[in-house]
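J.: I need the structure of the sequence given here:
(chains A, B, C and D)
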There are 4 protein chains.
Amino acid sequence: MRVSVIGGGRVTDEEAATAEELGRELAERGHEVVCGGLGGVMAAACRGASEAGGHTIGILPTERRADANDYVDTAVATGMGNARNVLVVMNGDAVIAVDGGTGTLSELGHALDVDRPVAGIGTHRIDGVEGIDHVETAEAAVESVERRA
Amino acid sequence: MRVSVIGGGRVTDEEAATAEELGRELAERGHEVVCGGLGGVMAAACRGASEAGGHTIGILPTERRADANDYVDTAVATGMGNARNVLVVMNGDAVIAVDGGTGTLSELGHALDVDRPVAGIGTHRIDGVEGIDHVETAEAAVESVERRA
Amino acid sequence: MRVSVIGGGRVTDEEAATAEELGRELAERGHEVVCGGLGGVMAAACRGASEAGGHTIGILPTERRADANDYVDTAVATGMGNARNVLVVMNGDAVIAVDGGTGTLSELGHALDVDRPVAGIGTHRIDGVEGIDHVETAEAAVESVERRA
Amino acid sequence: MRVSVIGGGRVTDEEAATAEELGRELAERGHEVVCGGLGGVMAAACRGASEAGGHTIGILPTERRADANDYVDTAVATGMGNARNVLVVMNGDAVIAVDGGTGTLSELGHALDVDRPVAGIGTHRIDGVEGIDHVETAEAAVESVERRA
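T.: Next up is the predicted model:
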């Protein structure tokens, strides 16, 4: 299947390591990765997937495919700014969040809105919102969405 | 100024009353209301604003202006589905949420992402996210965003 | 009804005069004007409509309502660049083009695609495409779309 | 490079043959194909590219990747209707049109608007618009955009 990986554009080393492991895990299990195509969690997940031989898609906020990180195989420019966030989650069969700021929060909302199974590692906890499976590891996140997709 | 009112398409009587009071309060203080143009919180806020002589704008997910609720003065069709959520918050100088589900959650994320002052009445509480002023009444919500816009 | 006015952002004095007359004519007959919100034909049409007491809507390519010309009553920011062109024509019941470059060409395509009646004053003539009524004056353009809307 | 192929969703056998040859020619020369992902010219071009071992991208108007034709390798759903047309041309380094109706006309406008080299086989001829190289064969179209990209 195809999994949307969402998370902050600026990350700690630990978050980057988690995102990279997540990308690798997804690719090893035969899944494509789709993300926002930029840095931070997005670049780390693409690097992990790419090194494991997976296909990576980056849906960019800008009009220039060249803005994609180096590990994006198929870059899609939109020129729509953060309105592209809804495309990032719409184009996965499931969504996994690693940490993340307010952009990620909007993506969590959109993901739940279109009924995607969502797993999160260290991501937002939101009172009264169901559907996000908070887990500790990349492997647990992948298993969570595989089970529910 | 112009204030984005966000919230669920299906509401309890109490939530509708709050949204209507919010619309009226905004109009009486000279503010325009922009919302998603449909029912629930959106319709109630537009009704309140409209009855107090305010101008209301509805940015619709569909291609048909006729889908707007009866209290929208200026309907804007988009045909973009929930990608229009980002337009709803982008088009206000501040954002007020009344309750709300996952669509509202995406709008809260987008609102914080573009640095709008946000107030919420009975809306999502999100761990580790700053910038939402949780208040109890329509009046307090309006005062909160007026102070910060 | 509401009429989309499309045309170039840079215009000759004659084109500006035509667009201004068009805006005035539309407002005097009770129609709203929707356009791309910027300069040239858009600003001239809004000025004409505004001076005749009409309501004008500008759907902007940028994220900033402040980018609208001075004669736009209701500005709608999109941050979507030229993807907003489809919104400009979708939000009118009919479309009138005054001259225009490649952006206007895309709008003519979108307008015909959503079956809007289209009139044009000095606009593109396209082999094999039906549905554009080429006329000489603002008055004739308004009458053409009134008859067919 | 990546080339946007645009054209009608319903085609004659001759147009389909031309589009298929175009897809094959592009793939054999090492180019990716991006299109609107549906039938007619889009499906034929993807089939030709796919059979020659090329990578094909389909940017869909709907929210469902499953709506893509069988020869799309990477489907991107948008849920934006015809506003996705601007994404189709933005995501190519050059644009080739095969015949085409009003949707194609909007794409020609957008393509010229973002300064893509454009070639057309049996497509719209537009008075006063420069930048479309009208050619007779798939091979000539590819050579035309290769020379100018």
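J.: and stretch A:41-60, how far out from the chain middle?
T.: Taking the mean of its C-alpha atoms, stretch A:41-60 sits 9 Å from the chain's own mean (Cα atoms, centre = their mean, to the nearest Å).
J.: quick check: mean pLDDT across that stretch?
T.: What stretch A:41-60 shows for mean pLDDT is 98.
J.: then that stretch to CSV, C-alphas only?
T.: Extracted in CSV, the C-alpha atoms of stretch A:41-60 (Å, rounded to 0.1, in the frame of the first residue of the first chain):
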residue,chain,number,x,y,z
VAL,A,41,10.7,14.1,9.0
MET,A,42,9.9,14.1,5.3
ALA,A,43,13.6,13.9,4.1
ALA,A,44,14.5,11.3,6.8
ALA,A,45,11.6,9.1,5.9
CYS,A,46,12.4,9.3,2.2
ARG,A,47,16.1,8.6,2.8
GLY,A,48,15.2,5.5,4.8
ALA,A,49,12.7,4.3,2.2
SER,A,50,15.0,5.1,-0.7
GLU,A,51,18.0,3.2,0.8
ALA,A,52,15.7,0.2,1.3
GLY,A,53,14.7,0.3,-2.4
GLY,A,54,11.3,1.8,-1.9
HIS,A,55,9.5,4.4,-4.1
THR,A,56,9.0,7.9,-2.6
ILE,A,57,6.6,10.6,-3.6
GLY,A,58,6.8,14.2,-2.5
ILE,A,59,3.9,16.6,-2.8
LEU,A,60,5.4,20.0,-2.6
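J.: tell me which residues in that stretch are buried?
T.: Neighbour-count burial for stretch A:41-60 flags A:41-50, A:54-60 (criterion: 16 or more other Cβ atoms under 10 Å in any protein chain shown). Placement of C-beta: from N, CA and C, glycine included.
J.: in strands only, show me these.
T.: Using DSSP state E, the members of the buried residues of stretch A:41-60 that fall within strands are A:56-60.
J.: and these, which is closest to residue B:107?
T.: Nearest to residue B:107 out of these is residue A:59 (Cβ to Cβ; 19.9 Å).
J.: now check the lengthiest helix in chain A, is it near chain B?
T.: Of all segments of type helix in chain A, defined using DSSP state H, the longest is helix A:13-28. No: Helix A:13-28 lies apart from chain B when judged by Cβ under 8 Å from any Cβ of the partner chain; the minimum separation is 13.7 Å.
J.: wait, residue A:99 sits on residue A:7?
T.: Yes: here residue A:99 reaches residue A:7: they are 5.3 Å apart, a contact under Cβ atoms under 8 Å.
J.: common neighbours of the two, please.
T.: A:15, A:41, A:123 (Cβ atoms under 8 Å, 6 or more residues apart in numbering or on different chains).
J.: of those, which is the nearest to residue D:104?
T.: The nearest member of the shared contacts of residue A:99 and residue A:7 to residue D:104, counting by Cβ to Cβ, is residue A:41 at 38.2 Å.
J.: now the spatially closest residue to the closest one that is not a sequence neighbour: phi and psi?
T.: The shortest distance from residue A:41 to any non-neighbouring residue, by Cβ to Cβ, 6 or more residues apart in numbering or on different chains, is to residue A:7 (2.8 Å). Backbone torsions for residue A:7, taken as degrees, to the nearest 10, come to phi 160, psi 180.
J.: residue A:7 - how many residues pack around it?
T.: 31 (other Cβ atoms under 10 Å in any protein chain shown).
J.: can you check residue A:133 too?
T.: Residues near residue A:133, counting by other Cβ under 10 Å, number 17.
J.: ok, now how distant is it from chain D?
T.: 23 Å (Cβ to the nearest Cβ, to the nearest Å).
J.: convert the C-alpha atoms of the helix or strand that residue falls within to CSV, please.
T.: Following DSSP states H and E, one finds residue A:133 within strand A:132-135. Extracted in CSV, the C-alpha atoms of strand A:132-135 (Å, rounded to 0.1, in the frame of the first residue of the first chain):
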residue,chain,number,x,y,z
ILE,A,132,-4.9,8.1,16.3
ASP,A,133,-3.0,5.1,17.6
HIS,A,134,-0.1,6.4,19.7
VAL,A,135,2.8,4.0,19.6
